[in-house]
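>>> Provided below are the primary sequence and the corresponding predicted coordinates.
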Number of protein chains: 2
Amino acid sequence: MAQSANDRLEAQFAFLNEADRLKSVLRATTLVDGSRPENSGEHSWHLALYALVLADQAGPGVDINRVIRMLLIHDLVEIDVGDVPIHSANGLAHASVETTTAEAKAADRIFGLLPPDLGPPLRALWEEFEAAESPDARFAKALDRVQPVMANLRSGGGTWATYNVTYEQLEARVGSKIARGAPGLWEWVQGKAKPWFLKGKES
Amino acid sequence: MAQSANDRLEAQFAFLNEADRLKSVLRATTLVDGSRPENSGEHSWHLALYALVLADQAGPGVDINRVIRMLLIHDLVEIDVGDVPIHSANGLAHASVETTTAEAKAADRIFGLLPPDLGPPLRALWEEFEAAESPDARFAKALDRVQPVMANLRSGGGTWATYNVTYEQLEARVGSKIARGAPGLWEWVQGKAKPWFLKGKES
């Protein structure tokens, strides 16, 4: 095998072995059965499966294969930065300058492990996800917001209880993103989530 | 929203919530850092990322997007059956009649949760993976065999030590599958794995 082919495989596996660390990054959300916090590796798998199964909820022009690729890599920067829960710090930490700066630095390092023909396109795909402007990214973001809602509903409130979230905050931080990328899905999810918040207020 | 659209979403989420249980199925292989057993959900994510990054190792006619989809669903039957380690029972448990019968029953149940236009195609994709005959399935199988090798190499032997695996057994149970789907990859992996087994024999 030529030295260059070897070097290429070394770089590919440096990235793949580094990516393994995402399995040790814990999220605020638990598994559906509430047994333990979810990690960002298995979360990324679950989201890719969401895209596969909920493809009919995507708007026109969405390329599901690109969405799946985007979701597979969307959280890799958390290896360096950790997961920043959407409802933490009263909803202000998630998109703070500190977080986005640290994440850009992490992206430099992690995607930089790959050979030059692979790293930059994957980094660009991650940036597209973060910007949440393209149809693919909007749909991917919507799924990223739906999945914790489903886990919270099954596990008795989850992060909504942890962070004392109101229904209005859920609409602002989560619903708006889901409605933007998958409006039909938000209509359905709303019907599931609302009763939990109403019940909380009555008790 | 029409009742039928609601029913469809109920079925899609029945499947997606059930799939969450794959995160609680433990494998014999550990994380790369050896800290704990890997679960089959995060393993499925890691393999999909392998496909994305090692696409240039696939043979002609391989559709990487199909390979990724295949890898996302390839272990779902383990929700009912559990993971059957490749080196357990002297390498005989993995493809036993008992295992394959139980997995087929699990596939009936799990893919059967989905709407009729989604379940059967995904079940067929899983069967294609299991048969390991099509170019896509051969490449997917090869990646499924490479990933534990990389984890074992980093974690000091892992399942090779647990099951007293010889290099000849690694070649028969693992190498043959990798060589069939990704020959260039096996050449490289071999060079990494052999020294571990030689070192084991000397000590």
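Now that the structure is in, tell me what you want to look at.

>>> Tell me how far the residue nearest to the spatial centre of chain A lies from A:S176.
For chain A, the residue sitting closest to the mean C-alpha position, by C-alpha atoms, centre = their mean, is A:D144 at 4.3 Å. Relative to A:S176, A:D144 is positioned 13 Å away (C-beta to C-beta, to the nearest Å). Using the backbone N, CA and C atoms, a C-beta is placed for each residue, glycine as well.

>>> Now the element after the longest strand seen in chain A, going C-ward?
The longest strand of chain A (DSSP state E) is strand A:26-30. Where DSSP states H and E defines the elements, the next helix or strand beyond strand A:26-30 is strand A:37-39.

>>> how far out from the middle of the chain is that following strand?
12 Å (C-alpha atoms, centre = their mean, to the nearest Å).

>>> for stretch A:128-135, same thing?
12 Å.

>>> again with stretch A:189-197
21 Å.

>>> what comes into contact with that stretch?
Stretch A:189-197 is contacted from outside by A:146, A:149-150, A:152-153, A:157, A:160, A:166-167, A:170, A:175, A:178, using C-beta atoms under 8 Å, 6 or more residues apart in numbering or on different chains.

>>> can you rerun that using 7 Å?
Contacts to stretch A:189-197, defined as C-beta atoms under 7 Å, 6 or more residues apart in numbering or on different chains, come from residues A:146, A:149, A:153, A:157, A:167, A:170, A:175, A:178.

>>> of the residues you listed, buried ones?
A:146, A:149, A:153, A:157, A:167, A:170, A:175, A:178 (16 or more other C-beta atoms under 10 Å in any protein chain shown).

>>> Include distance to chain B when you put the residues you listed into TSV, please.
Below are the buried ones among the contacts of stretch A:189-197 laid out as TSV (distance: C-beta to the nearest C-beta, whole Å):
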residue	distance to chain B
A:V146	9
A:V149	11
A:L153	9
A:G157	16
A:Y167	20
A:L170	18
A:G175	16
A:I178	13
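
>>> In helices, which of those residues fall?
Among the buried ones among the contacts of stretch A:189-197, the members falling in helices (DSSP state H) are A:146, A:149, A:153, A:167, A:170, A:178.

>>> Pull the contacting residues for the first one.
Think A:V146. A:178, A:185, A:189.

>>> next one: the third one
Each residue near A:L153 by C-beta under 7 Å, 6+ apart is listed here: A:192-193, A:196.

>>> give me the residue from chain A nearest chain B.
A:W45 (3.4 Å; C-beta to the nearest C-beta).

>>> Need the per-residue pLDDT for the closest residue to that residue other than its chain neighbours.
Nearest residue to A:W45, sequence neighbours excluded (C-beta to C-beta, 6 or more residues apart in numbering or on different chains): B:W45, at 3.4 Å. As predicted, B:W45 sits at a pLDDT of 98.

>>> check which helix or strand covers B:W45.
helix B:40-53.

>>> thinking again about what came up before, and the residue nearest to the centre of chain A, what helix or strand is that in?
A:D144 belongs to helix A:135-154, assigned by DSSP H and E.

>>> tell me the angle of that helix relative to helix A:40-53?
Here helix A:135-154 runs at an angle of 110 degrees relative to helix A:40-53 (axes from the mean of the first three to the mean of the last three C-alpha atoms, to 10 degrees).

>>> How about the residues of chain A by chain B?
A:1, A:6, A:9, A:12-13, A:15-17, A:19-20, A:23-24, A:31-32, A:35, A:39, A:41-42, A:44-46, A:48-50, A:52-54, A:65, A:68-69, A:72, A:114, A:118, A:150, A:154, A:187-188 (C-beta under 7 Å from any C-beta of the partner chain).

>>> So what does the residue lying closest to A:V165 once chain neighbours are set aside have for phi and psi?
Of all residues not flanking A:V165 in the chain, A:H87 sits nearest, at 5.2 Å (C-beta to C-beta, 6+ apart). Main-chain torsions, A:H87, degrees, to the nearest 10: phi -100, psi 0.

>>> give me the number of residues near A:H87?
Neighbour count for A:H87, taken as other C-beta atoms under 10 Å in any protein chain shown: 22.

>>> Kindly report the same for the one 4 residues further on.
Using other C-beta under 10 Å, A:G91 has 16 neighbouring residues.

>>> Repeat that for A:R154.
A:R154, neighbours per other C-beta under 10 Å, totals 17.

>>> I'd assumed B:N17 was in contact with it.
Yes. Shown here, A:R154 and B:N17 form a contact pair, counting by C-beta atoms under 7 Å, at 6.3 Å.

>>> joint contacts of the two?
Common neighbours of A:R154 and B:N17 (C-beta under 7 Å, 6+ apart) are A:V32.

>>> what's the closest non-adjacent residue to A:V81?
A:A102 (4.7 Å).

>>> Cross-check the contact I'm expecting between that neighbour and A:I79.
No. The pair A:A102 / A:I79 is not scored as a contact, 11.4 Å apart, by C-beta under 7 Å.

>>> follow-up on the earlier one: got a list of what the residue of chain A closest to chain B touches?
Residues in contact with A:W45 (C-beta under 7 Å, 6+ apart) are B:41-42, B:44-45, B:72.
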